[in-house]
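K.L.:
mind folding the following:
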Amino acid sequence: MEVLLLLALVGLAAVLWFRASGWQPSRAEFPMQGALIGAEDGAVDFNALRATGADFVYIEASQGSEGRDAMFPRNLAAVTDAGLPHGVVHAYDPCVPAGRQAANFVTIVPRDPEMLPPAIALSKLASECGDPIVEAGLESELTTFINQVEGHAGQPVVLKISPEFEAEHGIATRIERNLWLERDFVQPDYGGRPWTLWGATSYLRGESGSAALRWVVVQP
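P.N.:
The predicted structure follows:
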């Protein structure tokens, strides 16, 4: 009996995994869909990614004051050659001064009016810095960084906010920028206002490679 139950559970898990790996939000409801790509995805074939259904791509570019995605130069060239609309993501580090992070961003991200609005990924908590002054000044420093990135890009940024970051800092309702929220399979509501981009699944597998894709949709 226990063996049969175990086999049933394994079979159910396999079915659920198969369904999750092929799931995308409805195209009728969300016509514009794309992917988030970084070094963890390896050498992505962007033409194959388009065949999977990507209408746009965001590529990870920089992190903090010194971090740079190892695949960024290759990905930027490849996605440009493929003709896919694309933007970049900077992972913001609240423990590092805004000016140093902006210098890192503008050094490696070209000023290109054809690019999509840059996204600022907010996931590391200021409380992890171990300095109450840093935590208290988070909004001010983040605003400084946003202003410098927007001056370089020539357009407003998108705030890519994790549930944990929003729960601790409540940035979505304090800084008026378009939101990129994340929750697998279910539309997120933790921003306190409508989202523009939704990280809808991190399980999708397509023709671009064997690794799961981080799939993103646009609010119509």
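
K.L.:
near Phe145, how many other residues are there?
P.N.:
By other Cβ atoms under 10 Å, the residues close to Phe145 number 24. (C-beta placed from N, C-alpha, C; glycine too.)

K.L.:
how about low-confidence regions in this structure?
P.N.:
Along the chain, the parts satisfying pLDDT under 70 run over 1-21, 206-210.

K.L.:
where exactly do the strands run in it?
P.N.:
Here the chain has its strands, by DSSP state E, at 33-37, 56-63, 67-68, 86-91, 119-122, 158-161, 178-182, 197-204, 213-218.

K.L.:
now the ones you listed as a markdown table including mean neighbour count and distance to Phe145?
P.N.:
Shown next, in a markdown table, are the strands of the chain (neighbours: other Cβ atoms under 10 Å; distance: least, Cβ to Cβ, whole Å):
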| stretch | mean neighbour count | distance to Phe145 |
| --- | --- | --- |
| strand 33-37 | 25 | 20 |
| strand 56-63 | 24 | 11 |
| strand 67-68 | 16 | 14 |
| strand 86-91 | 24 | 8 |
| strand 119-122 | 24 | 7 |
| strand 158-161 | 25 | 11 |
| strand 178-182 | 23 | 16 |
| strand 197-204 | 20 | 19 |
| strand 213-218 | 22 | 22 |
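
K.L.:
number of nearby residues for Pro110?
P.N.:
11.

K.L.:
with distance to Arg74 as added columns, please give the strands of the chain in a markdown table.
P.N.:
Listed next are the strands of the chain as a markdown table, based on distance: least, Cβ to Cβ, whole Å:
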| stretch | distance to Arg74 |
| --- | --- |
| strand 33-37 | 11 |
| strand 56-63 | 10 |
| strand 67-68 | 12 |
| strand 86-91 | 13 |
| strand 119-122 | 20 |
| strand 158-161 | 22 |
| strand 178-182 | 24 |
| strand 197-204 | 22 |
| strand 213-218 | 18 |
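
K.L.:
nearest to Ala167, out of these?
P.N.:
strand 158-161 (9.9 Å; Cβ to Cβ).

K.L.:
one step back: closest to Asn75 out of the strands of the chain?
P.N.:
strand 56-63 (4.5 Å).

K.L.:
what comes into contact with the closest one?
P.N.:
Defining contact as Cβ atoms under 8 Å, 6 or more residues apart in numbering, one finds that strand 56-63 is touched by 32, 34-39, 46, 49, 68-69, 71-72, 75-76, 79, 84-91, 93, 101, 104-105, 108-109, 116, 119, 216, 218.

K.L.:
list the pairing partners of it within its sheet, with orientation.
P.N.:
strand 33-37 (parallel), strand 67-68 (antiparallel), strand 86-91 (parallel) (DSSP bridges).

K.L.:
separation between the closest residue to Met115 other than its chain neighbours and Leu181?
P.N.:
Using Cβ to Cβ, 6 or more residues apart in numbering and skipping the chain neighbours, the partner closest in space to Met115 is Gly87 (5.4 Å). For Gly87, the distance to Leu181 (Cβ to Cβ, to the nearest Å) stands at 16 Å.
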